[in-house]
Every structure is written in C-alpha cells, then in structure tokens.
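Asks: The sequence and its predicted three-dimensional model are supplied below.
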Amino acid sequence: MLRRNKVSIEIGDRFVKADDPKTVWIVEGRGSTVAPMPHYKVVQEGYYSRMRTLAENVLLDPDYYRRVAETKPAN
C-alpha cells in the first residue's frame, strides 16, 4: 500500500539530485493530472529549457533528490 508523504511540494521549491548536488532543479508546476501519484515539472536553474517531470515520491526520497534552501544574496 502506498503511503502519502506529509511533506508538501510548492512551486519554486528547489532540489538537487543526491548524486549531483551542484545542479539545482526548481519546481515550475504540476505535471500530469492523469497519474495516480502527483507529478511535478522541474527546470534546471539557469537552463530553463531543460525540463523534467518527476513523481512526488521521487522528489521527496532523499536517495534521489534533496530539498535545498533558497539562497539569499549577501548584503
């Protein structure tokens, strides 16, 4: 039985792949509404033509992706 993760994903959230922490992926919107599991469209920061659609459980699995905080410019 699938368990729903209680952590939510919002547009603008930032993630890095576990094996590539230098490449940041930004949640741009919801993906397919047909799939039983929610999906999200993510774009690579700085290369917005590079897009992926990922299942919610993949984005929230720390073996695959890790959420990163928004970087604030230094004053």
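Replies: Structure received. Numbers count the residues shown, from 1 in each chain.
Asks: contacts and neighbour counts: CA atoms only from here.
Replies: Noted.
Asks: where do the helices sit along this protein?
Replies: 56-59 (DSSP state H).
Asks: For K22, list the residues it contacts.
Replies: Counting by CA atoms under 8 Å, 6 or more residues apart in numbering, K22 touches V16.
Asks: Check the spacing between it and G31 real quick.
Replies: 24 Å (CA to CA, to the nearest Å).
Asks: Ok, D63 next?
Replies: Distance from D63 to G31, by CA to CA: 21 Å.
Asks: More neighbours: the two, which one.
Replies: G31 (17 against 11; other CA atoms under 10 Å).
Asks: Hmm, that one is touching K41, no?
Replies: Yes. Assessed by CA atoms under 8 Å, G31 is found in contact with K41 at 5.3 Å.
Asks: Which neighbours do the two have in common?
Replies: With CA under 8 Å, 6+ apart as the test, G31 and K41 both reach T53, L54.
Asks: Describe which strands the longest strand anywhere in the chain pairs with in its sheet and in which direction.
Replies: Of all the segments of type strand in the chain, defined by DSSP state E, the longest one is strand 20-30. With DSSP bridges as the test, strand 20-30 is paired with strand 14-17 (antiparallel), strand 39-44 (antiparallel).
Asks: what's the burial count for L60?
Replies: 18.
Asks: Find me the pLDDT at the residue nearest to it when sequence neighbours are not counted, would you?
Replies: Using CA to CA, 6 or more residues apart in numbering and skipping the chain neighbours, the partner closest in space to L60 is R66 (7.2 Å). R66 carries a pLDDT score of 96 in this model.
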